[in-house]
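Enquirer: sequence below, structure please.
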Amino acid sequence: MAMFESLSDRLSQSLKKISGKASLSEKNIQETLREVRMALLEADVALPAVKSFIEQVKNRSIGHEVSRSLNPGQQFLKIVQAELEKVMGEKNESLSLASQPPAVVLMAGLQGAGKTTSAAKLSRYLIDREKKKVMVVSADVYRPAAIEQLKTLATEVNAEFFQSDTSQKPVDIVNTAMAAAKKQFIDVLIIDTAGRLHVDNEMMTEIKQVHAAANPVETLFVIDAMIGQDAVNTAQAFNESLPLTGVILTKVDGDARGGAALSVRHVTGKPIKFMGVGEKTDALEPFYPERIASRILGMGDVLSLIEDVERKVDKKKAEKFAQKIVKGKRFDLEDLREQLKQMKNMGGMASMMDKLPGMGNMKELAQQNQATSQFDKMECIIDSMTPKERKNPDLLNGSRKRRITNGSGTSIQDLNRLLKQHKQMGKMMKKMKGKGMQNMMRGMGGMMSGDGLPPGGFPKF
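Expert: Modelled structure (predicted):
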């Protein structure tokens with residue numbers, strides 16, 4: 001399920017009708033806004049946020065801004081995009097860690113919102129991208145499993161772990177962890193706190209005490225995006241008790257509606273600083289309102305895609321592959337397997353489609369064809385071959401093919417389909433030899449027009 005999918009579908013339908021119009025009247029602006037309002041409410045956006053958003057768009061649209069522009073429909077779309085950004089906070093607000101080290105970050109939120117996982121993801125983000133030395137500690141003395149979970153995750157992300165115990169008082173844990181972090185010259189100390197299943201006075205009193213002891217530079221409220229409207233109510237309750245500095249929205253990838261993302265800022269006045277977009281420890285992205293607004297309106301998010309490629313694609317392997325193609329060397333099955341792996345590192349086909357402008361329908365196609373499971377199957381077939389067979393697929397006779405399909409649990413048709421796909425790609429690579437590489441890049445634009453499929457389409461596994 002892709003992020004903001006249902007909201008995106010509804011909004012793009014309503015806005016498509018109006019964006020092509022050469023002239024706009026108050027009547028058709030009102031009609032479109034009625035549809036937009038319904039779409040937002042169905043997406044679980046908090047009513048105050050919807051009201052204020054519609055009001056702003058209406059005031060700007062019915063004024064001179066739209067009637068005087070050359071393309072009113074497009075201008076209206078621009079206003080909607082700008083106001084969506086404003087609702088979510090206009091720009092990304094990063095963590096302010098410029099304090100005497102260790103800078104303390106306190107994680108707050110209900111049980112099950114993903115605090116412990118977010119503490120680990122944030123550690124990894126600060127270690128990998130900001131080159132910080134990070135220590136994590138759990139002040140959740142009610143769940144021994146939470147302390148163990150944090151310990152395991154800390155090892156995985158290369159953060160220092162400060163051992164705490166369920167017999168200690170949360171405030172004592174914080175004080176000893178801070179002293180240890182100072183001694184070890186830690187840059188950032190992340191404190192994971194206890195959650196409850198609902199907001200209660202006892203919990204609020206405890207977290208206030210922990211906050212007073214830690215004196216954090218950042219108090220981040222962790223919310224599960226999938227609980228929609230409730231998420232905003234809890235944020236409000238915490239915001240009244242604690243001086244929150246920002247929000248981490250988790251499980252955004254599982255929420256097709258996206259209501260919490262559009263409500264939190266309006267209701268609490270606090271920025272969403274990060275969003276969790278998957279299970280893995282690197283699945284934490286800074287929250288950029290302008291990119292999310294663009295994604296919601298079906299305009300894609302190319303900047304995030306470029307950053308993904310920068311981070312996740314193995315530069316050396318990509319360079320080596322490019323050199324091989326330029327020299328006109330044969331594209332073998334080993335190369336194909338490498339390309340499939342790179343695709344998977346990027347989060348698979350659907351994840352990339354999500355970020356490409358106008359690719360919403362294409363993304364569904366990728367999912368219908370179950371592109372990711374096809375890639376797995378293709379990889380499995382190639383894995384069952386000997387290095388010699390990968391280098392030279394022409395060796396594959398009947399008995400070799402039977403051995404490979406038995407070993408990979410696939411059929412002869414699957415294998416033949418893979419070989420056909422590989423042959424087509426090989427032909428394409430040949431054309432790219434030398435100068436052809438540049439021509440190929442130029443041709444990519446044309447290739448993605450029409451039905452928008454790669455040559456030969458997706459293999460139908």
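Enquirer: got the buried residues for the helix or strand encompassing residue 74?
Expert: For residue 74, the element it lies in under DSSP states H and E is helix 72-88. Using 16 or more other C-beta atoms under 10 Å as the burial criterion, the residues of helix 72-88 that qualify are 72-73, 75-81, 83-88. The way it works is simple: take the backbone N, C-alpha and C, and place the C-beta from them, glycine included.
Enquirer: elements contacting that helix?
Expert: With contacts defined as 3 or more C-beta pairs under 8 Å, 6 or more residues apart in numbering; DSSP states H and E, helix 72-88 has these neighbours: helix 5-19, helix 26-42, helix 47-62, helix 64-67, helix 259-268, helix 289-296.
Enquirer: turn those helices into a markdown table, including mean pLDDT, distance to residue 132 and mean neighbour count.
Expert: Formatted as a markdown table, the helices and strands packed on helix 72-88 follow (pLDDT from 0 to 100; distance: least, C-beta to C-beta, whole Å; neighbours: other C-beta atoms under 10 Å):
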| stretch | mean pLDDT | distance to residue 132 | mean neighbour count |
| --- | --- | --- | --- |
| helix 5-19 | 72 | 35 | 18 |
| helix 26-42 | 83 | 38 | 16 |
| helix 47-62 | 86 | 34 | 17 |
| helix 64-67 | 59 | 44 | 14 |
| helix 259-268 | 78 | 26 | 25 |
| helix 289-296 | 79 | 24 | 22 |
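Enquirer: contacts for the next helix-or-strand element following the helix holding residue 74, please.
Expert: Sequence-wise, the next helix or strand downstream of helix 72-88 (DSSP H and E) is strand 103-108. If you take C-beta atoms under 8 Å, 6 or more residues apart in numbering as the criterion, strand 103-108 is touched by 95, 97, 115, 118-119, 122, 178, 187-193, 207, 210-211, 214-222, 238, 242, 244, 248.
Enquirer: again with stretch 381-389
Expert: The contact list for stretch 381-389, computed with C-beta under 8 Å, 6+ apart, reads 333-334, 336-337, 390, 395-396, 400, 403-405, 407-408, 410, 414-415, 418.
Enquirer: what residues are up against the spatially most central residue of the chain?
Expert: Centroid-nearest residue in the chain: residue 277, 4.0 Å away (criterion: C-alpha atoms, centre = their mean). Shown here is residue 277, whose contacts under the criterion C-beta under 8 Å, 6+ apart are 3, 252, 253, 283, 284, 285.
Enquirer: one more time with 7 Å, if that's ok
Expert: Residues in contact with residue 277, defined by C-beta atoms under 7 Å, 6 or more residues apart in numbering, are 252, 253, 283, 285.
Enquirer: neighbour-wise, which of those leads?
Expert: Ranked by neighbour count (other C-beta atoms under 10 Å), the contacts of residue 277 have residue 252 at the top, with 25 neighbours.
Enquirer: residues contacting it?
Expert: By C-beta under 7 Å, 6+ apart, the contact list for residue 252 reads 3, 225, 261, 275, 276, 277.
Enquirer: can you count the residues close to the second one?
Expert: Translated: residue 225. The burial count assigned to residue 225 is 27, neighbours taken as other C-beta under 10 Å.
Enquirer: picking up where we left off before, and of the buried residues of helix 72-88, the nearest to residue 133?
Expert: Relative to residue 133, the closest of those is residue 88; by C-beta to C-beta it sits at 31.8 Å.
Enquirer: ok, the closest one to residue 180 distance?
Expert: In this structure, residue 88 and residue 180 are separated by 38 Å, where distance is defined by C-beta to C-beta, to the nearest Å.
Enquirer: re the thing from before, which of the contacts of residue 252 fall in helices?
Expert: Counting by DSSP state H, the members of the contacts of residue 252 that fall within helices are residue 261.
Enquirer: got any ranges where the stretch 201-350 of the chain has weak pLDDT?
Expert: Flagging of the stretch 201-350 of the chain using pLDDT under 70 yields the residue ranges 228-229, 231, 254-258, 298-315, 318-319, 321-322, 324-328, 344-350.
Enquirer: please enumerate the strands of this protein.
Expert: 103-108, 134-138, 160-162, 188-192, 218-224, 246-250, 272-276, 284-286 (DSSP state E).
Enquirer: run me through the strand neighbours of the third one, direction for each.
Expert: Counting by DSSP bridges, the strands paired with strand 160-162 are strand 134-138 (parallel).
Enquirer: using PDB, write out every CA atom in the strand it pairs with.
Expert: Extracted C-alpha coordinates of strand 134-138, given in PDB (Å, rounded to 0.1, in the frame of the first residue of the first chain):
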ATOM      1  CA  VAL A 134      25.500   8.300  19.400                       C
ATOM      2  CA  MET A 135      24.500   6.600  22.700                       C
ATOM      3  CA  VAL A 136      21.100   5.100  23.400                       C
ATOM      4  CA  VAL A 137      19.500   4.300  26.700                       C
ATOM      5  CA  SER A 138      16.100   2.900  27.700                       C
END
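Enquirer: circling back to that earlier point, select only the buried ones of the contacts of strand 103-108 in ChimeraX?
Expert: Selecting only the buried members of the contacts of strand 103-108 in ChimeraX, with burial defined as 16+ other C-beta under 10 Å, works like this:
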select :95,97,115,118,119,122,178,187,188,189,190,191,192,193,207,210,211,214,216,217,218,219,220,221,222,238,242,244,248
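Enquirer: sorry, back to before: reformat the contacts of residue 252 as a markdown table; add distance to residue 163.
Expert: Conversion of the contacts of residue 252 to a markdown table gives the following (distance: C-beta to C-beta, whole Å):
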| residue | distance to residue 163 |
| --- | --- |
| 3 | 37 |
| 225 | 32 |
| 261 | 36 |
| 275 | 30 |
| 276 | 26 |
| 277 | 30 |
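Enquirer: from the contacts of residue 252, which is closest to residue 51?
Expert: Each of these was checked against residue 51 using C-beta to C-beta; the closest is residue 261, at 17.4 Å.
Enquirer: tell me what the longest helix anywhere in the chain is packed against?
Expert: As assigned by DSSP H, the longest helix anywhere in the chain is helix 412-431. Using 3 or more C-beta pairs under 7 Å, 6 or more residues apart in numbering; DSSP states H and E as the contact criterion, the secondary-structure elements in contact with helix 412-431 are helix 333-345, helix 371-383, helix 398-408.
Enquirer: please redo it, this time with the cut-off set to 8 Å
Expert: In terms of contact count using 3+ C-beta pairs under 8 Å, 6+ apart, helix 412-431 is assigned the packing partners helix 333-345, helix 371-383, helix 398-408, helix 436-447.
Enquirer: any buried residues in that helix, and which?
Expert: For helix 412-431, a neighbour-count test (16+ other C-beta under 10 Å) marks 414, 415, 417, 418, 419, 421, 422, 425, 426, 428, 429 as buried.
Enquirer: lowest-confidence entry in the residues you listed?
Expert: Comparing pLDDT over these, the lowest score belongs to residue 429 (71).
Enquirer: return the distance of that one relative to residue 332.
Expert: 10 Å.
Enquirer: same deal with residue 40?
Expert: Using C-beta to C-beta, which is the criterion applied here, residue 40 is 51 Å from residue 332.
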